[in-house]
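Student: here is a sequence with its predicted model. Questions after.
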Amino acid sequence: MTDSKYFTTTKKGEIFELKAELNSDKKEKKKEAVKKVIASMTVGKDVSALFPDVVNCMQTDNLELKKLVYLYLMNYAKSQPDMAIMAVNTFVKDCEDPNPLIRALAVRTMGCIRVDKITEYLCEPLRKCLKDEDPYVRKTAAVCVAKLHDINAQLVEDQGFLDTLKDLISDSNPMVVANAVAALSEIAESHPNSNLLDLNPQSINKLLTALNECTEWGQIFILDCLANYTPRDDRESQSICERVTPRLSHANSAVVLSAVKVLMKFMEMLPKDLDYYGTLLKKLAPPLVTLLSAEPELQYVALRNINLIVQKRPEILKHEMKVFFVKYNDPIYVKLEKLDIMIRLASQANIAQVLAELKEYATEVDVDFVRKAVRAIGRCAIKVEQSAERCVSTLLDLIQTKVNYVVQEAIVVIKDIFRKYPNKYESVIATLCENLDSLDEPEARAAMIWIVGEYAERIDNADELLESFLEGFHDESTQVQLQLLTAIVKLFLKKPTETQELVQQVLSLATQDSDNPDLRDRGYIYWRLLSTDPVAAKEVVLAEKPLISEETDLIEPTLLEELICHIGTLASVYHKPPSAFVEGSRGVMHKRLPARTGSGEGTECPDVGNAAGGSAPEAAPSIIPSQGDLLGDLLNLDLAPPTTTGPTPSTSGMQMGGMDLLGGGLESLLGGDIGGSPAMGAGFGAAPAVMPASLNAPVGGGLGDLFDLGGGVGMPMGAYIPPKTVWLPAMKAKGLEISGTFARRAGVIQMELVLTNKAMSVMTDFAIQFNRNSFGLAPAGPLQVLTPLGPNQTIEVSLPLSTVGPVMKMDPLNNLQVAVKNNIDVFYFSCQYPISMLFVEDGKMERQVFLATWKDIPNDNESQFQIQDCHLNSEAASNKLQGSNIFTIAKRTVEGQDMLYMSIKLSNGIWVLAELKVQAGNPNYTISLKCRAPEVSQCVFQCYEAVLKN
Amino acid sequence: MIGGLFIYNHKGEVLISRVYRDDIGRNAVDAFRVNVIHARQQVRSPVTNIARTNFFHVKRSNIWLAAVTKQNVNAAMVFEFLYKMCDVMASYFGKISEENIKNNFVLIYELLDEILDFGYPQNSETGSLKTFITQQGIKGQTKEEQSQITSQVTGQIGWRREGIKYRRNELFLDVLESVNLLMSPQGQVLSAHVSGRVVMKSYLSGMPECKFGMNDKIIIDKAGKGGVTNEAGKSTSGKQSIAIDDCTFNQCVRLSKFDSERSISFIPPDGEYELMRYRTTKDIILPFRVIPLVREVGRTKLEVKVVIKSNFKPSLLAQKIEVRIPTPLNTSGVQVICMKGKAKYKASENAIVWKIKRMAGMKESQISAEIELLPTNDKKKWARPPISMNFEVPFAPSGLKVRYLKVFESKLNYSDHDVIKWVRYIGRSGIYETRC
């Protein structure tokens, strides 16, 4: 009973002694010797020299000795293939043994010996064992097919073992079925396109029957296999779900998780209005919660999976917040995961509890956990607006603790809170500034610098604060350097008088003394911006930033779907697809959730994160932009940085002007007139060539009118087309002048451009591109300028536009930033399009719908405008508007006042409802607009005015 | 599937190494030792990926068990298997220690060969394993015995062998509950739940069919509705029923029957096993209430007063009561006064530990302590960990009651009445904390 003695033989000449013992006549001595060999093998000693002697012990009646020898063989056969062949006979003989345990042992071991010659001999015994009368042998043989396939796939196919294996799925013994399923699933994984598993309703039925009878492990194999099946319709899906749900009460957590996987997947196919769907959702919560009382390692696996489930179907666990509260003695990996899920489940209903918990956690000892807890408080603020104030005050309390990493983490999240709720909590800046000295982590320093730069105008000593960082500029990490550069530029734009020196200093540090290309490039961008066009610089650098989204860290929807198909597995633990960590062909196949079938699904409103397949819009929530976001903001503009709409002083004369780089720009800023009219301040270096004050004057108006006539011939009720205006003056674009307008003709939006070459050389290679804009306008084709444009030549081009491009809200809403390229350079301009060209032809609403919708839209969304000096009667007005796809639905006359009810549909599906009051003899109309997206009202009103007055 | 399984001692020396798949090399053994066992940091995850190889580990006392794989395995299954492996080993040779593992390494290899085939877990019920894998080597078996073994190992009732005989048919039911509480200093219940287990020891002959009944709300309500004497039925059942949030069962229980009828029927394994686990959160009887009072007197002194109240029938006795009051790290001295039991300041644990052997229901007791503090310049405030409590009470805090356990064995001549049955309730504290 003291096998441990075998571990202690470390004498020299040990191998020699063992050899002698192995060849002893005494059985007991032999067995002792083999045990010693195995012990040496375990601790990593090389005992392969004993191979022939050990194999000699194989032929024995003693099962224990036989097992030991087999163990040795499995380990060393590969290194001694020639000698391993000596064992074949014994294996083949054992496969015929009357004792089923020995038959199974032989076939099990043979499959583990990866020697070609042995494999050849394996086929016949295996074939017999697959049809053995004893289920124990059959279940072992089933696994052996998978082993053999791993060694020689072709052989398995040629010998027809796959078919035999398939037959075993119908075996009477549940364990044989389970092992056959496991073997087939594994083989199928390496043949992604084969139809090996051939799951059909009949075979599924067999599996479901076996599910009730086999061991816990067998249940897992079967459930994992079921999860690969795609039911034909929602009814089949439901019936499978019904037969799988009892597994949720199994004591084995893996059975439960695999059952959850099947249910989560098949649920996709059930119609949501089905009673059963709701029942199923309710049934899922308790077993998931129960998983949290398992051992910590399993809790960890469960929590990683719950994290996915919560993202996919938040409704399942929304009332279970409390079970995710962290216990004092949970292992750290469980704590961190619980915290993650708490943030996901946080809502207005439970936020008070959650915050109280988080506050407790922030005082624990584990640094990672504390940091995450502090970060979580920030997340709550961003997610639940009502709690923001409380979160901020909690964070301030934490800052008061002066615990270094708590303070730093708090500052990082407060920065995010500022970005979500601008101009609300800036009163805390003073407290933050007090802690400036204790910040030693780059992320916290960068966050603090961002705050100082962003709110420079409210911080009296902002320049001193930033200057203090500047001293050790080159020792800072890149993210801090970038942030510092931007912050100082912001400060300069806000308080130009005192900070000129500072900005010069930082620009030269960034551009001249740094090796970092990002930093240098950003430095040059700012430098150039400030020197050529300070007003533009202001608009770029101090532009309003988009608010950050509330849901953060969400897994990308397609990945989430794939991971849901892998619930319970390593992929779900890592939150990575199997292809990311599995070598070779296995697991490369991407799994997808089935698409929903069934009827009455058309009207279902897709709720985010719940979308089946790819059928619903994939909301890709943006993630809190990290460092370098400002650079990101800039680069997002792609080809077209926002240009000022008004005229700007041109300072072309002093571009790249040596030491005097900032001269012109600075002075124009100091001139104070930022509004956009040309600053003709004294001391303005070079004579600025300023454009006429009003760029919007209809320079090409006449031409446009002519063109208008031509275009309008075919359609007397044609839409309103504004006159052409000059968008890009020749002197700003090296001789290229662009004027144009927008039109809607036969349902197609067109941009009509007039290109004039006012330069001395020929222009060729024209191309056009738009920046992201409010309605997703994008060129539907290339710019058709086929012939080169000679000097003083003019060409008219009309460019069809589509509305499926990338969307970004612009200000004003109908602003469009355009880049035009030719062989000389790229030019940028921005123009505004009349929103009427987005009014679609099928914008006439049913009366009933109109009434209901009008009532439905809250009164806050209504806006009223006056149109003055319009001398049309209601009839004519209605006709004229109809030409621009503004449809009159009803007309009512009350006390001499005509009330016209109209509807408009925009290309992106937004409806605008209008009520136009026309009083006979009164040239002033009143118009009320109601829309679910009230931002468009102003633009729509402008269209009314334009259409009615032209 | 599982590619290999290693067992290490606390130093990282390999005690058992069994490789099932060709993709797992010998260097995997070392990789785990170097990166996890010898890692300087505390273990941050039970799953580790080292050079595209995945390691799952659990620890029992100072023994590490690690399963290795290169595939996308079912992670929950791997951990369940590792736990099962521990149970199986424990049932063969007791505590899992380095010594025991070394003493039984041949047996362990034999087990590993049997319960894990090519990395697929196979039947791992000790009941049936013990019929053909023993520590005494293999016994000679007759042909009938052999086929009986194989049919049992692969059969539907893999957990019980045929032909068990007892002179006295007897069974013991233990309802073991652990009650968990987190209470705010003001006495508000932040979270409370009971996790319970029904453990059965069965010494029954043949293949008995059992049916277990408890005061599950769903069943009682159903019976109440279906019964003819609706009102009377309710009054006789008398005891309130309890709402069970969720329960899981041993694999011997027919889950589909539970799902459809909510009845618990099974053929039990022989000897001791866990029949079910359950969880409740509603109407929990909290056996003790802790009322803390902490006052900071200046910068160098704390006054702590803690009152505990027992909240159950006066005729019952709670045992092994222990209250643990944390003290700050800079404590220099503590004076304690308590009316009942013994209290001691344990500097090494940073806590005052107050022990009371027995306490009857509806009583209260209190302790007061003065804690002297060393002045520190540490700005960080003391986090005030919660006051925790341990105890054992002779009832089920969830309110669960066993209504019946019927035994039917049609082939043998004993009936339900002949079986001697014992039921016992034990409620223990799980994590029972009150913040202060």
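Tutor: Great, that's in hand.
Student: okay, now the unreliable bits of chain B?
Tutor: B:135-141, B:224-239, B:378-381 (pLDDT under 70).
Student: quick one: the helices in it?
Tutor: For chain B, helices defined by DSSP state H occupy the ranges B:27-32, B:75-93, B:98-103, B:105-115, B:126-132, B:143-154, B:217-226, B:230-237, B:255-261.
Student: give the contact list for the closest residue to chain B within the stretch 851-950 of chain A.
Tutor: When scored by CB to the nearest CB, the stretch 851-950 of chain A has residue A:858 as its residue closest to chain B, at 39.0 Å. No exception for glycine: its C-beta is placed from N, CA and C like everyone else's. If you count contacts by CB atoms under 8 Å, 6 or more residues apart in numbering or on different chains, residue A:858 has none.
Student: count of residues packed around residue A:732?
Tutor: Neighbours of residue A:732 under the rule other CB atoms under 10 Å in any protein chain shown: 18.
Student: and the most centrally placed residue in chain A, backbone torsions?
Tutor: Centroid-nearest residue in chain A: residue A:556, 3.4 Å away (criterion: CA atoms, centre = their mean). Dihedral pair for residue A:556: phi -60, psi 140, per degrees, to the nearest 10.
Student: how much space between it and chain B?
Tutor: 19 Å (CB to the nearest CB, to the nearest Å).
Student: enumerate the positions of stretch A:877-885 that are buried.
Tutor: Using 16 or more other CB atoms under 10 Å in any protein chain shown as the test for burial, stretch A:877-885 gives A:877, A:878, A:880, A:881, A:882, A:883, A:884, A:885.
Student: again but with stretch B:357-371, I slipped
Tutor: B:359, B:361, B:365, B:366, B:367, B:368, B:369, B:371.
Student: which pair in those residues spans the largest distance?
Tutor: Greatest spatial distance in the buried residues of stretch B:357-371: B:361 and B:371, 31.0 Å, computed using CB to CB.
Student: so where's the stretch 151-300 of chain A shaky on pLDDT?
Tutor: If you take pLDDT under 70 as the line, the stretch 151-300 of chain A has these spans: A:192-194.
Student: is it possible to get JSON lines of the helices of chain B that adds mean neighbour count and distance to residue A:301?
Tutor: Putting the helices of chain B into JSON lines (neighbours: other CB atoms under 10 Å in any protein chain shown; distance: least, CB to CB, whole Å) gives the following:
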{"stretch": "helix B:27-32", "mean neighbour count": "18", "distance to residue A:301": "19"}
{"stretch": "helix B:75-93", "mean neighbour count": "22", "distance to residue A:301": "5"}
{"stretch": "helix B:98-103", "mean neighbour count": "18", "distance to residue A:301": "26"}
{"stretch": "helix B:105-115", "mean neighbour count": "21", "distance to residue A:301": "21"}
{"stretch": "helix B:126-132", "mean neighbour count": "19", "distance to residue A:301": "24"}
{"stretch": "helix B:143-154", "mean neighbour count": "19", "distance to residue A:301": "28"}
{"stretch": "helix B:217-226", "mean neighbour count": "14", "distance to residue A:301": "30"}
{"stretch": "helix B:230-237", "mean neighbour count": "12", "distance to residue A:301": "40"}
{"stretch": "helix B:255-261", "mean neighbour count": "16", "distance to residue A:301": "22"}
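Student: out of those, nearest to residue B:420?
Tutor: helix B:126-132 (22.0 Å).
Student: for that closest one, the distance to its chain's centre please.
Tutor: 23 Å (CA atoms, centre = their mean, to the nearest Å).
Student: now do stretch B:271-291
Tutor: With CA atoms, centre = their mean, you get 12 Å for stretch B:271-291.
Student: can you give me the end-to-end distance of it?
Tutor: Its first and final residues considered, stretch B:271-291 spans 43 Å by CA to CA, to the nearest Å.
Student: repeat for stretch B:383-403
Tutor: 46 Å.
Student: pull the contacting residues for residue B:273.
Tutor: Residue B:273 touches B:159, B:199, B:200, B:202, B:250, B:252, counting by CB under 8 Å, 6+ apart.
Student: low-confidence ranges in the stretch 601-750 of chain A?
Tutor: In the stretch 601-750 of chain A, residues with pLDDT under 70: A:601-719.
Student: contacting residues for residue 106?
Tutor: You didn't pick a chain, so chain A it is. Here residue A:106 is in contact with A:91, A:94, A:95, A:97, A:125 (criterion: CB under 8 Å, 6+ apart).
Student: meant chain B actually
Tutor: A:3, A:35, A:38, A:64, A:68.
Student: need the nearest residue in space to whatever residue of the stretch 301-436 of chain B ends up closest to chain A, chain neighbours excluded.
Tutor: Nearest to chain A in the stretch 301-436 of chain B, going by CB to the nearest CB, is residue B:383, at a distance of 4.2 Å. Excluding its sequence neighbours, the residue lying closest to residue B:383 (CB to CB, 6 or more residues apart in numbering or on different chains) is residue A:363, at 4.2 Å.
Student: confirm that neighbour sits in a strand?
Tutor: No. Using DSSP: H, G, I helix; E, B strand; the rest coil, the assignment for residue A:363 is coil, not a strand.
Student: my read: it touches residue B:435, true?
Tutor: No. Taking contacts as CB atoms under 8 Å, residue A:363 lies outside contact range of residue B:435: 11.2 Å.
Student: pLDDT-wise, what's the bottom of the contacts of residue B:106?
Tutor: Minimum pLDDT across the contacts of residue B:106 is recorded for residue A:3, with 70.
Student: touching, it and residue B:103? I think so.
Tutor: Yes. The pair formed by residue A:3 and residue B:103 meets the contact definition of CB under 8 Å, at 5.1 Å.
Student: confidence score at residue A:800?
Tutor: 86.
Student: gap between the closest residue in space to it that isn't next to it in sequence and chain B?
Tutor: In space, and not counting its chain neighbours, residue A:800 is closest to residue A:780: 4.4 Å by CB to CB, 6+ apart. Counting by CB to the nearest CB, the gap from residue A:780 to chain B is 44 Å.
Student: who does the helix or strand that contains residue A:751 pair up with?
Tutor: If you go by DSSP states H and E, residue A:751 is part of strand A:748-757. Strand A:748-757 sits in its sheet next to strand A:736-745 (antiparallel), strand A:794-802 (antiparallel), going by DSSP bridges.
Student: among the ones you listed, which is the most enclosed?
Tutor: strand A:736-745 (a mean of 23; mean count of other CB atoms under 10 Å in any protein chain shown).
Student: and residue B:301, how many neighbours?
Tutor: 12.
Student: just for the stretch 801-950 of chain A, where's the confidence low?
Tutor: If you take pLDDT under 70 as the line, the stretch 801-950 of chain A has no such spans.
Student: go again using 80 as the cut-off
Tutor: A:848, A:870-872, A:894-896, A:920-923, A:949-950 (pLDDT under 80).
Student: who's in contact with the closest residue to chain B within it?
Tutor: Residue nearest to chain B within the stretch 801-950 of chain A (CB to the nearest CB): residue A:806, separated by 35.4 Å. Contacts for residue A:806 (CB under 8 Å, 6+ apart) come out as A:772, A:776, A:778.
Student: could you provide those in TSV, with additional columns for neighbour count and pLDDT?
Tutor: As requested, the contacts of residue A:806 are exported to TSV (neighbours: other CB atoms under 10 Å in any protein chain shown; pLDDT from 0 to 100):
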residue	neighbour count	pLDDT
A:772	18	85
A:776	17	85
A:778	16	86
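Student: run a quick neighbour tally on the closest residue to residue B:334 other than its chain neighbours.
Tutor: Leaving aside its chain neighbours, residue B:334 sits nearest to residue B:345 (3.8 Å; criterion: CB to CB, 6+ apart). Residues lying near residue B:345 (other CB under 10 Å) number 18.
Student: next one: residue B:424
Tutor: Residue B:424 - counted by other CB under 10 Å - has 12 other residues nearby.
Student: so who does the nearest residue to it once chain neighbours are set aside touch?
Tutor: Closest residue in space to residue B:424, ignoring its immediate chain neighbours: residue B:174 at 5.1 Å, by CB to CB, 6+ apart. Residue B:174 makes contact with B:198, B:199, B:200, B:201, B:423, B:424, B:425, B:426, according to CB under 8 Å, 6+ apart.
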